[in-house]
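Novice: could you look at this predicted model? Sequence included:
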Amino acid sequence: QVTLAKMRSHISSCAKVQEQMANCPKFVPVVPTSQPIPSNIPNRSTFVCPYCGARNLDQQELVKHCMENHRNDPNKVVCPVCSAMPWGDPSYKSANFLQHLLHRHKFSYDTFVDYNIDEEAALQAALALSLSEN
């Protein structure tokens, strides 16, 4: 048995595994879907690299991609994760985007955020939970 942490570490550092993953065929649907893709729901699962435009990166892949490819890029960029959030400012450019990614996006918001309630309702729910725990 191998722990998940050791497996992830091995996958990210093993050249043979990386080569095998690069040679895997990409998923292509056999038949185009007949279902419409909703356009009014923001995509909070995958993001575009603000430096080079690489697409379909989840939060962890975005961090890894930026650390590997843009570590020394001095440009100020908008965080695609933050700008996808209801409270995000799509015009705010982070002074140090890589540090922002490393410190601000260590977890997925989907685990902790209810996007269907507004900020005031979220605050009231947090206060009520805090009071009930004491």
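Specialist: Structure received. Numbers count the residues shown, from 1 in each chain.

Novice: packing partners of the least confident helix or strand in the chain by mean pLDDT?
Specialist: Considering only helices and strands, the least confidently modelled element of the chain by mean pLDDT, DSSP states H and E is helix 4-13, at a mean of 76. Counting contacts by 3 or more C-beta pairs under 8 Å, 6 or more residues apart in numbering; DSSP states H and E, helix 4-13 is packed against helix 15-22. Heads up, the C-betas are built off the backbone N, CA and C, glycines and all.

Novice: show residues contacting the helix it packs on.
Specialist: With contacts defined as C-beta atoms under 8 Å, 6 or more residues apart in numbering, helix 15-22 is touched by H10, I11.

Novice: gap between it and the chain center?
Specialist: Offset of helix 15-22 from its chain centre (C-alpha atoms, centre = their mean, to the nearest Å): 23 Å.

Novice: can I get that helix as PDB, trimmed to CA atoms?
Specialist: This file holds the C-alpha atoms of helix 15-22, laid out as PDB (Å, rounded to 0.1, in the frame of the first residue of the first chain):
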ATOM      1  CA  ALA A  15      10.000  11.100 -15.400                       C
ATOM      2  CA  LYS A  16       8.600   7.700 -16.500                       C
ATOM      3  CA  VAL A  17       5.100   8.400 -15.100                       C
ATOM      4  CA  GLN A  18       5.200  11.900 -16.600                       C
ATOM      5  CA  GLU A  19       6.100  10.400 -20.000                       C
ATOM      6  CA  GLN A  20       3.300   7.800 -19.700                       C
ATOM      7  CA  MET A  21       0.800  10.500 -18.800                       C
ATOM      8  CA  ALA A  22       1.900  12.700 -21.700                       C
END
